[in-house]
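**Student:** Based on what follows, work out the 3D shape:
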Amino acid sequence: MKKLFGTDGVRGIANRELTPELAFNLGRAGAYVLTEGKKKPTIVMGKDTRISGDMLEAAMISGMLCVGANVISVGVVPTPAIAHLTRKYQADAGVMISASHNPVAFNGIKFFDDQGYKLSDDTEKKIEAIIESSLDEMPRPIGDDLGRLVREEGAAEEYVEFATSTICGDLRGLKVALDCANGAASQVAVMALTKLGAEVYVINDTPDGININHQCGSTDMDELKKYVVEKGCDVGLAFDGDADRCLAVDERGNSVDGDQIMLICALDLKEQQKLREDTLVVTVMSNLGLKLAAQKHGLHLKETGVGDRYVLEEMRNHNYSLGGEQSGHVIFLDHNSTGDGLVTGLCLCSILSRKKKRVSELAQVMDVLPQVLYPVTVPAKLKNIHLQDERIKETIAKMEESLHGRGRVFIRPSGTEPVLRIMLEGDNREEITAMAKELVELVQSEVESRSAAK
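**Tutor:** The predicted structure is shown next:
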């Protein structure tokens, strides 16, 4: 059996790769492993708005009930709501059915432990092992030992209560535009901003099961940029399908990415002496401009591999309070145990309200250096060629020397495809584009040469 869990749970095309049968088995094995065979454990389950959610939810619930686990179904809520509600309800585990920012044909299953943290590799391996070889040995309780299903109608309101409690004061006088991606933020984001007194304008908040992430949300912000300017808003917030990420638009219609949002929030927390160790945790894909700005403002940066799970691991290991990714996954560990788009958006809005500054002014805290990114197809056995080939290594060294500390070359093998991703940063987009193309040609040439030699 191939590996089920990727970097963010189990994902695939719903009803083809992520089938009801697999969801049923994940429900059985996941419930058993996460609750350590406890009698009558409780599991919180939510989903985003995509059409396949009902199918997969029904299958997973059946799997969990048949091993004796009770399930609290909370309906459509953001992924971070599941992390929070699992703790609030003192449940033994949580499950979110979502494929995040991906198109509607995809879906996914994310598990959380009793503290609302995503699973370790070891725990995922245990679940996979049971599905592969031990399903017949799973318990089959009968009678009153079967699990019960409870549908909790007030979960969205409880999450909104939590999210709004993470900031001080209100947002009266602030005009905020929301793009809810026709996803899990469609109800809660409007509720939260309205509760805090903001003047709210909203688009893409009418999910129909198939329009989630379609030309909207954090992966396509063109409509929001125009809407913010048209309505004269102070800020626009763009969520993805499961609302665990948030990007912003300033009052002029310009994008404000996750790096900028993190830096704005980090400096505000530092002023309040709430940023532990004055440290921000980011991934190696964060813009070099963030690193330069952090040095200027007395912040320490810790870099991890790509993926919010690695950011969270570093934060937990060293008790840091803030971290995230350029994509808008931002973790406020004093508030929640995973990336939380709504909490991120509220934090940014709170800073705007308290400081009486425009987003464009706050975003000037860092210069976003131009980035160019090119994928290069390579055989799996040559995915580390950039670390082994002397010509490639020498070329990279010369390029970085020519950038004089205001740029870098970064090459990352894909974890799921036979691809090398070549990224360059620097002050001059034309210069780094030419460098990137030269490096792409060199890598392709060396790959062809090595392949032909064998």
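**Student:** Pick out the residue nearest the middle of this protein.
**Tutor:** residue 329 (4.3 Å; C-alpha atoms, centre = their mean).
**Student:** Got the confidence number for that residue?
**Tutor:** Predicted confidence (pLDDT) for residue 329: 96.
**Student:** Would you enumerate the residues in contact with the residue nearest to it when sequence neighbours are not counted?
**Tutor:** Among residues not flanking residue 329 along the chain, residue 339 sits closest, at 3.7 Å (C-beta to C-beta, 6 or more residues apart in numbering). No exception for glycine: its C-beta is placed from N, CA and C like everyone else's. Residue 339 is in contact with 79-80, 244-245, 308, 324-325, 328-331, counting by C-beta atoms under 8 Å, 6 or more residues apart in numbering.
**Student:** ok, and the most crowded of those residues?
**Tutor:** For those, counting by other C-beta atoms under 10 Å, the largest number of neighbours falls to residue 244: 33 neighbours.
**Student:** Who are the contact partners of that one?
**Tutor:** Contacts of residue 244 by C-beta under 8 Å, 6+ apart are 78-80, 100, 329, 338-341.
**Student:** just those now: which is nearest residue 239?
**Tutor:** residue 341 (4.8 Å; C-beta to C-beta).
**Student:** if we can go back for a sec, the contacts of residue 244 in strands, which ones?
**Tutor:** Counting by DSSP state E, the contacts of residue 244 place none of their members in strands.
**Student:** Narrow the residues you listed to those in helices?
**Tutor:** Using DSSP state H, the subset of the contacts of residue 244 located in helices is 79-80, 341.
**Student:** Need these in a markdown table (columns: pLDDT).
**Tutor:** Below are those laid out as a markdown table (pLDDT from 0 to 100):
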| residue | pLDDT |
| --- | --- |
| 79 | 98 |
| 80 | 98 |
| 341 | 98 |
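**Student:** nearest to residue 95, of those?
**Tutor:** Using C-beta to C-beta, those come closest to residue 95 at residue 79, 10.4 Å.
**Student:** end-to-end on stretch 203-216?
**Tutor:** 9 Å (C-alpha to C-alpha, to the nearest Å).
**Student:** no, scratch that, I was asking about stretch 56-76
**Tutor:** End to end - C-alpha to C-alpha - stretch 56-76 spans 13 Å.
**Student:** tell me which residues in stretch 161-170 are buried?
**Tutor:** 162-164, 166-167 (16 or more other C-beta atoms under 10 Å).
**Student:** swap that for stretch 225-233, sorry
**Tutor:** So for stretch 225-233, counting by 16+ other C-beta under 10 Å, buried means 225, 227-229, 233.
**Student:** Show me where the stretch 51-200 of the chain has its helices.
**Tutor:** 52-65, 79-88, 121-129, 155-164, 185-195 (DSSP state H, counting those that start in this stretch).
**Student:** what's the closest of these to residue 259?
**Tutor:** Of the helices of the stretch 51-200 of the chain, nearest to residue 259 by C-beta to C-beta is helix 79-88, at 20.1 Å.
**Student:** Can you give the contact residues for the closest one?
**Tutor:** Against helix 79-88 from outside (C-beta under 8 Å, 6+ apart): 44-46, 48, 72, 74, 77, 91, 93-96, 98, 100, 110, 112-117, 155-156, 158-159, 162, 184, 188, 242-244, 336-343.
**Student:** now the helices: where do they sit in the stretch 351-454 of the chain?
**Tutor:** Going by DSSP H, counting those that start in this stretch, the stretch 351-454 of the chain shows helices at 359-363, 385-388, 390-402, 429-453.
**Student:** Go through these and pick out the most buried.
**Tutor:** Between these, helix 359-363 has the highest mean count of neighbours, a mean of 19, where neighbours are mean count of other C-beta atoms under 10 Å.
**Student:** just checking, what packs against that one?
**Tutor:** helix 258-271, helix 341-355 (3 or more C-beta pairs under 8 Å, 6 or more residues apart in numbering; DSSP states H and E).
**Student:** any idea of the mean pLDDT in it?
**Tutor:** For helix 359-363, the mean confidence score works out to 97.
**Student:** Can I get it as CSV, trimmed to CA atoms?
**Tutor:** Output of helix 359-363 as CSV, limited to C-alpha atoms (Å, rounded to 0.1, in the frame of the first residue of the first chain):
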residue,chain,number,x,y,z
VAL,A,359,-2.3,49.0,5.6
SER,A,360,0.0,50.4,2.9
GLU,A,361,1.9,52.3,5.6
LEU,A,362,2.3,49.2,7.9
ALA,A,363,3.4,47.0,4.9
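**Student:** if we can go back for a sec, Serialize the helices of the stretch 351-454 of the chain to JSON lines and add fields for distance to residue 151.
**Tutor:** Below are the helices of the stretch 351-454 of the chain laid out as JSON lines (distance: least, C-beta to C-beta, whole Å):
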{"stretch": "helix 359-363", "distance to residue 151": "39"}
{"stretch": "helix 385-388", "distance to residue 151": "52"}
{"stretch": "helix 390-402", "distance to residue 151": "56"}
{"stretch": "helix 429-453", "distance to residue 151": "52"}
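**Student:** Ok, which of the helices of the stretch 51-200 of the chain comes nearest residue 393?
**Tutor:** Taking the helices of the stretch 51-200 of the chain one by one with C-beta to C-beta, helix 121-129 is closest: 30.6 Å.
**Student:** Point out the other helices and strands that the closest one packs with.
**Tutor:** Using 3+ C-beta pairs under 8 Å, 6+ apart, helix 121-129 sits against helix 20-34, strand 106-112.
**Student:** what about the longest one, distance to the chain center?
**Tutor:** Once both centres are worked out by C-alpha atoms, centre = their mean, to the nearest Å, helix 20-34 turns out to sit 23 Å from its chain's centre.
**Student:** So for that helix, what gets flagged as buried?
**Tutor:** Quick answer for helix 20-34 (16+ other C-beta under 10 Å): 20, 22-34.
**Student:** For those, could you give me CSV that also reports pLDDT?
**Tutor:** Shown next, in CSV, are the buried residues of helix 20-34 (pLDDT from 0 to 100):
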residue, pLDDT
20, 98
22, 97
23, 98
24, 97
25, 96
26, 97
27, 96
28, 95
29, 95
30, 95
31, 94
32, 92
33, 93
34, 91
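**Student:** Let me see the domain layout of the chain.
**Tutor:** As given by automatic domain parsing, the domain ranges for the chain are 10-153, 158-363, 371-453.
**Student:** Next, the residue nearest to the centre of the chain: phi, psi?
**Tutor:** phi -70, psi 110 (degrees, to the nearest 10).
**Student:** ok, back up a step: save the contacts of residue 339 as TSV, and put in distance to residue 131 too.
**Tutor:** Below are the contacts of residue 339 laid out as TSV (distance: C-beta to C-beta, whole Å):
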residue	distance to residue 131
79	23
80	27
244	26
245	29
308	25
324	32
325	30
328	32
329	28
330	33
331	29
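**Student:** Where does pLDDT dip in the stretch 1-150 of the chain?
**Tutor:** Applying pLDDT under 70 to the stretch 1-150 of the chain flags residues 1-2.
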